[in-house]
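A.B. asks: how would this look folded up:
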Amino acid sequence: MELVSLQDWMSCLPEPLLQVPLWDLAIPGSHDSMSFCLDLSSPMLRSEPLMLRLLDRLLPCCMRPCIQRWSTTQSSVLSVQCELGVRFLDLRIAKKPARGATLFFAHGVYTLITVKEALAELSAWLEEHPREVLVLCCSHFESLTDRDHRDLVQFIIGLFGAKLCPPQDCPTLSSCWLKGQQLIVSYDYKEVVKQHPQLWTSIPYWYANSPDPKKVIQYLDNQLSKGRPEKFFVSGLNLTEDLTFILLHPLLNLRTLTLKGLPPLLQWTNQQRPGPHRAAVNIVCSDFIGLSHFCSIMIGLNFKSLGSTLAAPRTSVQPVVAVGPKGRSQHSLL
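C.D. replies: Alright, predicted model coming up:
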């Protein structure tokens, strides 16, 4: 097949794959997608463990670099993640204490980029790629009031409008293109979802909560052996650590830990298959998605269901440099 770029991989899929539900495709996602722009001068989230918050208050000169090393899970802005092939974004939303109605993202601390800025960036990207479909998972919502939820949902509906695919549909790429739909928004707050038919309920996210890739693989295999959910669901390749692990490994950081664990995790990923069968994968999320061939592997899984007569397209993705907050260059290589 022709050489294609991962930025438009959905529009390049063969005809048979355009007719299957999106939850029967293999979709690459990024875990904690906005953590590339953490604001180290912001307060720590109140939901963080008490011991961590006390240490941060007593030893900020030590704790803030540590927070950055272990809370940063991505290195590229959202539009670059989409260019690299990501179609599922994990957006963890929070409001800073005593900072008005402005909403940010958060992972340990808050982000520099606001929710409205990030969503506007995605809206512009979708305009440039009219045959690509994104799945957004909005969750956590730390310190949000009912009014904050109402304002946020109104902003999403006003910004994306007819591009939103409602949960009443069984979306395929073909049906989304026909209706001009490009966005599925999962909102992890049932009361809000009940009031807005444009929003999807929470998408299950399987994660092993372990820094050991072997345990992650074992956990995911065990989950898949029980049978996949009926619709969208996420298998997380992300390695997670607790305060004890961090203190026992002072020379490590999440990036190093991820790079060390990626080979077996990517090997496991390459062995999976999407589709409606019991043990099929759907969305798979990873940290630092630009540091490996994760997206290429995930997209290639879709061709397994087509048989040997149709080979997966070769992909060509060049190194990308994205300008992050405050003009910092952020390199993202595939």
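A.B. asks: Skipping adjacent residues, who's closest to residue 165 in space?
C.D. replies: By the measure of C-beta to C-beta, 6 or more residues apart in numbering, the closest residue to residue 165 outside its immediate chain neighbours is residue 181, 4.0 Å from it. For glycine as for every other residue, the C-beta is placed from the backbone atoms N, C-alpha and C.
A.B. asks: How about residue 228: what's its closest non-neighbour residue?
C.D. replies: For residue 228, the nearest residue in space outside its immediate sequence neighbours is residue 280; the separation is 5.6 Å by C-beta to C-beta, 6+ apart.
A.B. asks: Residue 106 now?
C.D. replies: Closest residue to residue 106 in three dimensions, ignoring its sequence neighbours and counting by C-beta to C-beta, 6+ apart: residue 94, at 3.9 Å.
A.B. asks: for residue 79, same thing?
C.D. replies: Spatial nearest neighbour of residue 79, excluding adjacent residues (C-beta to C-beta, 6+ apart): residue 125 at 4.7 Å.
A.B. asks: quick one: the one you found and residue 81 touch, right?
C.D. replies: No. In terms of C-beta atoms under 8 Å, residue 125 does not count as a neighbour of residue 81; the distance is 9.7 Å.
A.B. asks: Name the residue in these two with the higher neighbour count.
C.D. replies: Here residue 125 and residue 81 are set side by side on neighbour count (other C-beta atoms under 10 Å), and the busier one is residue 81, at 29 against 20.
A.B. asks: tell me how far the one helix or strand that one maps to is from the chain's mean position?
C.D. replies: When elements are assigned from DSSP states H and E, residue 81 belongs to helix 78-83. When distances are taken as C-alpha atoms, centre = their mean, to the nearest Å, helix 78-83 is centred 11 Å away from the chain's centroid.
A.B. asks: Please pull up the helix or strand immediately following it.
C.D. replies: Scanning onward from helix 78-83 (DSSP H and E), the first element met is strand 88-95.
A.B. asks: got the buried residues for that next one?
C.D. replies: 88, 89, 90, 91, 92, 93, 94, 95 (16 or more other C-beta atoms under 10 Å).
A.B. asks: Would you mind listing the outside residues contacting that strand?
C.D. replies: Contacts of strand 88-95 from elsewhere in the structure, counted by C-beta atoms under 8 Å, 6 or more residues apart in numbering, are 27-34, 45, 78, 81, 101-107, 110, 115, 118, 122, 134-144, 148, 152, 205, 234, 283, 285.
A.B. asks: and stretch 249-258, what's its mean pLDDT?
C.D. replies: Computed over stretch 249-258, the mean pLDDT rounds to 92.
A.B. asks: buried sites along that stretch?
C.D. replies: If you call a residue buried by 16+ other C-beta under 10 Å, then stretch 249-258 has these buried ones: 252, 253, 254, 255, 257, 258.
A.B. asks: May I have the phi/psi pair for the second one?
C.D. replies: If I follow you right, that is residue 253. With angles defined as degrees, to the nearest 10, residue 253 sits at phi -150, psi 170.
A.B. asks: so how far is residue 239 from it?
C.D. replies: 12 Å (C-beta to C-beta, to the nearest Å).
A.B. asks: Likewise for the third one?
C.D. replies: Note on residue 254: its distance to residue 239, by C-beta to C-beta, is 8 Å.
A.B. asks: which regions of the stretch 201-334 of the chain sit below the pLDDT cut-off?
C.D. replies: Scanning the stretch 201-334 of the chain for pLDDT under 70 picks out 307-334.
A.B. asks: Residue 170: how many residues sit nearby?
C.D. replies: Burial measure for residue 170: 11 neighbouring residues, criterion other C-beta under 10 Å.
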